[in-house]
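Asks: have a look at this prediction, sequence included:
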2 protein chains.
Amino acid sequence: MAAFTRFALGVHILALLASKRDGAMTSQTIAASANTNPAFIRRLLAKLNKAGLIKSQPGKGGGSQLAKGPKKISLLDIFEAVEAGRIVAAPKTFPENGCYVAANLAPVFRDFTSDAEVAFFSSLSDVSLKQVVKSLKTAAARS
Amino acid sequence: MAAFTRFALGVHILALLASKRDGAMTSQTIAASANTNPAFIRRLLAKLNKAGLIKSQPGKGGGSQLAKGPKKISLLDIFEAVEAGRIVAAPKTFPENGCYVAANLAPVFRDFTSDAEVAFFSSLSDVSLKQVVKSLKTAAARS
DNA sequence: CTGGTCTGTAACCGCCTTAGGTACAAATCG
DNA sequence: CGATTTGTACCTAAGGCGGTTACAGACCAG
C-alpha cells in the first residue's frame, strides 16, 4: 500500500520551515528541497495555512513561515491538515438482502476500528514538530 | 480517503463464517451477503486461506469455513491477511540536493510514525472475531 | 504607477491501484 | 463421468494522486 504520502511531505515542509525561523520561505525553495514542483507544494501549503499551522504572504519577498512555535505543532495537527477524513473505511450496509451480518456489521465494525484509530491519532499527537527537528539535527550531526 | 476497504469486507466474511459453524459456505453465498461478485470474494478467501484463518475445499459440496475458533482470530489477523504492507508511507530521501532535512528526515519520520502504527495494530489485536460476532448478535436482537 | 515576484487555484494529463467481471483449469464428490 | 466449487489469470472502468502549465490576485521596490 503505502498510503498517506502527503503526510510525509507535510512533515518535510514544516520541518524545513521550523529549521529556518527567520523570514519566509518560498514554495520554489521548498520544492527544491523535496524534489517536487512548486505548485504541488503550494497545494499542501494552502491546506497547512487553512489549518492555522503556517502563515503565507503573497508578493515580492513573500513566502511561508510557521504560525506558531514548533513545540505547539504535533504530528497529528499535520496529519489532519493534509490527509482528509478517516483511516479505516466502513463496510457497506445492505439491510435488504436478508443477512443479519450485512445489516448490522457497520456500527459494530465502526466501534472496534475507531478505537484503533484513536490509538493511532493519540500516538501522533504525542510528537511535536520540535522533537522532529531535534532528532533531525542529531541525525544530521551524526552523518 | 477511506482506505482499507478490503479489511471491512474481510471482517464481513469471517463474521459470516463464524455465525455458521457447521459446514462450509460457498463464495456464491458470501457474495450474495456482501452484495458483490463471487470472484472478488474468492480472491479475498485465498488470502485468508494463506494466512491460515480459514480452510477451503474445492469440488461439489465444498466451500470455506473457519480454520480455528473465533476466539483465536483477532482483527489484526484479518487486517494483515487482506491489507498488504505498511500504513504510513515513508518520505522519499534526496541526499544529493544539499538539504539536511531531505537527507535525514526518513529515519526520523519512520521512528515516530511506527510508534503510531504499533498503537493502531495493538488496538486491533485486542479484538477477537468472537467479540465481533457477539456484538453483532446483540445488535441484531435490538433491531 | 509600473514591473517583478509570489501565492492560490483551476485545469489537464498520465500513472497506478482497485473493484467489478469473465473465463477457464484443477480439484472433488456423487 | 458430470456437476460443482475453488483458484487464478485477464480485461475493463473508475478514482485518486502526483506532475505540470497557466493565470488571476496580492504585494513590494523603485
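Replies: Everything's here; your move. Numbering: from 1, shown residues only, chains lettered A, B, ... in the order given.
Asks: what about A:Lys47, helix or strand, and which?
Replies: Per DSSP states H and E: A:Lys47 is located in helix A:38-50.
Asks: how about the next helix-or-strand element following that helix and DNA strand C, any contact?
Replies: Toward the C-terminal end, the helix or strand that comes next after helix A:38-50 (DSSP H and E) is strand A:54-57. Yes. Using CB under 7 Å from any atom of the strand, strand A:54-57 comes into contact with DNA strand C via A:Ser56, A:Gln57. Just so you know, the C-beta spots here come from the backbone N, C-alpha and C atoms, and that holds for glycine as well.
Asks: circling back: so which elements touch the helix holding A:Lys47?
Replies: helix A:5-18, helix A:27-34, strand A:54-57, strand A:63-66, helix A:75-82 (3 or more CB pairs under 8 Å, 6 or more residues apart in numbering or on different chains; DSSP states H and E).
Asks: dump these into a markdown table; add mean pLDDT, mean neighbour count and distance to B:Phe7 as well.
Replies: Below are those laid out as a markdown table (pLDDT from 0 to 100; neighbours: other CB atoms under 10 Å in any protein chain shown; distance: least, CB to CB, whole Å):
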| stretch | mean pLDDT | mean neighbour count | distance to B:Phe7 |
| --- | --- | --- | --- |
| helix A:5-18 | 94 | 23 | 19 |
| helix A:27-34 | 94 | 19 | 31 |
| strand A:54-57 | 96 | 16 | 34 |
| strand A:63-66 | 96 | 20 | 36 |
| helix A:75-82 | 95 | 22 | 20 |
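Asks: list the contacts for the residue in chain A sticking out farthest from the centre?
Replies: Distance from the C-alpha centroid of chain A, by CA atoms, centre = their mean, peaks at A:Gly98 (41.5 Å). Contact analysis of A:Gly98 by CB atoms under 8 Å, 6 or more residues apart in numbering or on different chains lists nothing.
Asks: can you give me the pLDDT of it?
Replies: Looking at A:Gly98, its pLDDT stands at 74.
Asks: again, but for A:Leu129
Replies: A:Leu129 is given a pLDDT of 97.
Asks: name the residues of chain A found near DNA strand D, please.
Replies: A:5-6, A:9, A:36-40, A:57-62.
Asks: lowest-confidence one in those?
Replies: On pLDDT alone, A:Thr5 ranks lowest of the residues of chain A next to DNA strand D, at 83.
Asks: tell me the pLDDT of the closest residue to that residue other than its chain neighbours.
Replies: Spatial nearest neighbour of A:Thr5, chain neighbours left out: B:Ala89 (4.5 Å); criterion: CB to CB, 6 or more residues apart in numbering or on different chains. On the pLDDT scale, B:Ala89 is placed at 77.
Asks: gap between B:Ala89 and A:Leu9?
Replies: B:Ala89 sits 9 Å away from A:Leu9, taking CB to CB, to the nearest Å as the criterion.
Asks: cool, and A:Gln65?
Replies: 18 Å.
Asks: got it, and A:Lys134?
Replies: As judged by CB to CB, A:Lys134 and A:Leu9 stand 20 Å apart.
Asks: go on, A:Leu17?
Replies: To A:Leu9, A:Leu17 is 13 Å away according to CB to CB.
Asks: and what of A:Ala39?
Replies: 13 Å.
Asks: identify the residues contacting stretch A:77-86?
Replies: Applying CB under 8 Å, 6+ apart, the contact partners of stretch A:77-86 are A:4, A:6-7, A:9-11, A:14, A:44, A:47-48, A:50-51, A:53, A:117, A:121, A:124-125, A:129, B:1-2.
Asks: this completes my enquiry, with thanks.
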